[in-house]
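K.L.:
Below is the structure, and that's it, no one-letter string:
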């Protein structure tokens, strides 16, 4: 399971290292793609296959399905990382997530998110303000 919050810095040529605790829980190839709320999603090949299968369960005739495929699958790239877990974030994904220098890796169970530190702090502040309401909405289902 991918868990935890890790602050790191973007290096030369958009290179960054996957935190070791996350890397130890990733198997095989690793994919990154656009995520929601302007973060990136990082998954290994098994989780990627599951994600694609879930998207493909819905009918292609649905605009929402086509748009989800465009957003998630169309924006994806397989990353190759070295023995220290370093890889290059493609410029298009870096721009999408508004990543500058400081990056937060956030393990959220089945996937990890990659945030610009500034965007993550904004999201975390929002979550802190609304966590009681969120818990209430989840408990009423």
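P.N.:
Structure's in. What do you need? Predicted model only: the values in this text are computed from it and were never measured. Numbering: from 1, shown residues only.
K.L.:
going forward, measure contacts and count neighbours with C-alpha atoms only.
P.N.:
Noted.
K.L.:
just checking, residue 18 touches residue 82?
P.N.:
No - if you go by Cα atoms under 8 Å, residue 18 and residue 82 don't touch, sitting 10.0 Å apart.
K.L.:
who has more neighbours, the two?
P.N.:
Between residue 18 and residue 82, counted using other Cα atoms under 10 Å, the more crowded position is residue 18 (20 against 10).
K.L.:
how much distance is there from the helix or strand of the chain with the lowest mean pLDDT to the middle of the chain?
P.N.:
Scoring the helices and strands of the chain by mean pLDDT, DSSP states H and E places helix 117-139 at the bottom, with a mean of 88. With Cα atoms, centre = their mean, to the nearest Å as the basis, helix 117-139 stands 17 Å off its chain's centre.
K.L.:
Please name the nearest non-neighbouring residue to residue 91.
P.N.:
Leaving out its chain neighbours, the residue that sits closest to residue 91 by Cα to Cα, 6 or more residues apart in numbering is residue 14, at 7.6 Å.
K.L.:
Pull up the gap between that neighbour and residue 116, please.
P.N.:
From residue 14 over to residue 116 the distance is 13 Å, taken as Cα to Cα, to the nearest Å.
K.L.:
just residue 5 next, same as before
P.N.:
According to Cα to Cα, residue 5 stands 12 Å off from residue 116.
K.L.:
coming back round to it: state whether the residue nearest to residue 91 and residue 90 are indeed in contact, as I suppose.
P.N.:
Yes - assessed by Cα under 8 Å, residue 14 is found in contact with residue 90 at 7.3 Å.
K.L.:
for residue 8, helix, strand, or coil?
P.N.:
strand (DSSP: H, G, I helix; E, B strand; the rest coil).
K.L.:
partners of the closest residue to it other than its chain neighbours in the sheet?
P.N.:
Nearest residue to residue 8 in three dimensions, chain neighbours excluded: residue 103, at 5.2 Å (Cα to Cα, 6+ apart). Counting by DSSP bridges, residue 103 is bridged to residue 8, residue 116.
K.L.:
Please consider this matter closed, and thank you.
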